[in-house]
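Participant: generate a structure from the sequence data that follows.
(one chain, ligands or ions: 1)
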Amino acid sequence: MKKILTAAQIGCGKFAWGQDLPNMTAHPDVHLKWACDVNRQNAEKAAEQFHIPHVTTDYMDIINDPEVDFIKIATSHEAHLPIIEAAAAAKKHIFCEKPMAMEAEEAYKIIRAVRRNGVKLCVDLNRRMSPAMHALRKKWQEHCADPQHNPWQYVETVREPLPEENLPHLNIRIQDESSSYGVQHLDPLTGGGEIIGESVHWLDLACWLFAPQLPTEITAWGSSRLSHGIYLKFDGGASMTLDFSCSGTFDYPKEQFELTHHAALFRCQHFVENNYYGMPSSGSETFALQHDPHPELGDGLDGFMKKYMANVSGSSNAKEQENTTPLLVDKGHRNMLDQFVLAIQNGTPSPCDELAGFRSTYLAQRAIESIELKQTLPIPLEKITPCIY
Ligand SMILES: NC(=O)c1ccc[n+]([C@@H]2O[C@H](COP(=O)([O-])OP(=O)(O)OC[C@H]3O[C@@H](n4cnc5c(N)ncnc54)[C@H](O)[C@@H]3O)[C@@H](O)[C@H]2O)c1
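Facilitator: Residues are numbered from 1 along each chain as shown. Now for the predicted structure:
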């Protein structure tokens, strides 16, 4: 029989309200016993809304509770290390928000704490768990196994294929509205800006998609706390370009991904629609929203746009409106929780472990260095595969 896991939420801010608290209370194998926040009001509000029996402002109350199997951390970034070290020493499993750490040194200590104590860590780099990204990867892998092209594809016959032809490239376009960013995400002590706070998602996604290839080189430009670009090269020839603008608008979807390989294009539009081009099996797939207040308005990108407008029209605060009647695309948060619960129950690997958490932090830090030095930087093999126990 499957064990019901007792859990505790540490950090009951905006993200916890949008994902952790609803997802954990709805999970059939999770009993959410504690709500913890240094701000007592936040913990009490969460406990009341989600019927959580115990409230505290001190996470050590949770660490000292022998019934707790795992903790979920959604505090500001700088609080992760002491909480993880205490939880691991008490043999509790840990589900931690991204970024796992703000610096490599901190990440090394986290790796050591979880490995020495034999507990599982899952970092919520959730894009890798979204249904749309899994569908895109499947379609791409099928094409790679047997590349088929349309009869009208033009192929130059005078020359041989070049060695750097037909390598996979992932193009990521992010547009976001920086007026909404809280000071805690930009403060160098608690947040560190958008590369360490947000771009870890897409650095992780590229590493996950192109595994077992490892990154070898990084070039970044722009501002480490707001708009920036990153080019990441892998040892088997794959590459990723991220173009992140903070000067955009919530009125258009934030994330678009285009993977090109073997004369084909695999596109994911904001986790609601994928389109495939360049092969006989081209076409589109749409994906259900995580929370949909207007299912009658259709699916895919067009449906999402109609739903967004229906949701915000008449409102004076797009962000607040999203909180009242959330229009949530499925970026993989629930799948990450499901897979982590199964990993604890069955003793299987974490869906996004401490090494993935370290890698995204290390790559983000290298990107920041690249901006400061205005240089392309190597990613040494011994740095990206640290030997720690
Ligand atoms: N995976 C994603 O897609 C995603 C999206 C948004 C935010 N996040 C992450 O969620 C985390 C929280 O972001 P947020 O927007 O909710 O911030 P927030 O400021 O709204 O919430 C953080 C909460 O943690 C509490 N807190 C801080 N230190 C604490 C400690 N030592 N013990 C207990 N509580 C403590 C604060 O009082 C606050 O209530 C960040 O790490 C952020 O990167 C992840």
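
Participant: can you count the residues close to the residue nearest to Y389 when sequence neighbours are not counted?
Facilitator: Spatial nearest neighbour of Y389, chain neighbours left out: R115 (5.4 Å); criterion: Cβ to Cβ, 6 or more residues apart in numbering. (Glycine included, C-beta is placed from N, CA and C.) Number of residues near R115 (other Cβ atoms under 10 Å) recorded here: 16.

Participant: any idea which element R115 lies in?
Facilitator: Per DSSP states H and E, R115 falls inside helix 104-117.

Participant: and the protein, which of its residues are near the ligand?
Facilitator: Applying Cβ under 6 Å from any ligand atom, we find that the chain lies next to the ligand at 10-16, 36-39, 42, 59, 74-77, 79, 97-98, 124, 126, 184, 197.

Participant: quick one, which of the residues you listed are buried?
Facilitator: Buried members of those, counted by 16 or more other Cβ atoms under 10 Å: 10-13, 16, 36-38, 42, 59, 74-77, 79, 97-98, 124, 126, 197.

Participant: of those residues, which belong to strands?
Facilitator: Applying DSSP state E to those, the entries found in strands are 10, 36.

Participant: Three-state assignment for L32, please.
Facilitator: Three-state assignment for L32 (DSSP: H, G, I helix; E, B strand; the rest coil): strand.

Participant: so the residue nearest to it when sequence neighbours are not counted, which of the three states?
Facilitator: Spatial nearest neighbour of L32, excluding adjacent residues (Cβ to Cβ, 6+ apart): M24 at 4.8 Å. With three-state DSSP as the basis, M24 sits in helix.

Participant: how close does M24 sit to the ligand?
Facilitator: Distance, M24 to the ligand, by Cβ to the nearest ligand atom, to the nearest Å: 14 Å.

Participant: equivalent analysis for L32, please.
Facilitator: L32 is 15 Å from the ligand, where distance means Cβ to the nearest ligand atom.

Participant: who does that residue form a beta bridge with?
Facilitator: Residues in a beta bridge with L32, per DSSP bridges, are A7.

Participant: which helix or which strand is home to the residue of the stretch 151-300 of the chain found nearest the ligand?
Facilitator: Residue of the stretch 151-300 of the chain nearest the ligand, by Cβ to the nearest ligand atom: Q184 (4.9 Å). Using DSSP H and E, Q184 falls within helix 183-186.

Participant: show residues contacting the helix holding R115.
Facilitator: With contacts defined as Cβ atoms under 8 Å, 6 or more residues apart in numbering, helix 104-117 is touched by 80-81, 84-85, 88-89, 91, 94, 100-101, 120-121, 354-355, 357-358, 361-362, 365, 383, 386, 388-389.

Participant: stretch 373-382 too?
Facilitator: For stretch 373-382, contacts defined as Cβ under 8 Å, 6+ apart pick out 214-219, 221, 362-363, 366, 369-370.

Participant: Y154: neighbour count?
Facilitator: Close neighbours of Y154, defined as other Cβ under 10 Å, add up to 7.

Participant: could you do S313 as well?
Facilitator: S313 has 8 nearby residues by other Cβ under 10 Å.

Participant: in the chain, which helix is the longest?
Facilitator: Assignment by DSSP state H gives helix 354-373 as the longest helix of the chain.

Participant: tell me the angle of it relative to helix 104-117?
Facilitator: In terms of direction (axes from the mean of the first three to the mean of the last three Cα atoms, to 10 degrees), helix 354-373 departs from helix 104-117 by 170 degrees.

Participant: now the two most distant members of the contacts of stretch 373-382.
Facilitator: Using Cβ to Cβ, the contacts of stretch 373-382 span at most 22.7 Å, a distance reached by L214 and W221.

Participant: where along the stretch 251-389 of the chain do the strands fall?
Facilitator: In the stretch 251-389 of the chain, the segments counted as strands under DSSP state E, counting those that start in this stretch are 255-261, 264-269, 273-277, 283-286, 377-378.

Participant: contact partners of the first one?
Facilitator: It refers to strand 255-261. Against strand 255-261 from outside (Cβ under 8 Å, 6+ apart): 133, 136, 140, 143-144, 166-174, 205, 209, 265-271.

Participant: got the angle between it and strand 273-277?
Facilitator: Interaxial angle, strand 255-261 versus strand 273-277 (the same axes, to 10 degrees): 20 degrees.

Participant: use 13 as the first number for this chain going forward.
Facilitator: Yes, from this point I'll number from 13; that puts the last item at strand 267-273.

Participant: relative to strand 276-281, how tilted is strand 267-273?
Facilitator: Relative orientation of strand 267-273 versus strand 276-281 (the same axes, to 10 degrees): 170 degrees.

Participant: got a list of what the closest residue to the ligand within the chain touches?
Facilitator: Closest to the ligand within the chain is G25: 1.8 Å, counting by Cβ to the nearest ligand atom. Listed by Cβ under 8 Å, 6+ apart, the contact set of G25 reads 49, 54, 86-87.

Participant: gap between it and E56?
Facilitator: G25 is 14 Å from E56, where distance means Cβ to Cβ, to the nearest Å.

Participant: off-centre distance for stretch 144-163?
Facilitator: In terms of Cα atoms, centre = their mean, to the nearest Å, the centre of stretch 144-163 is found 23 Å from the chain centre.
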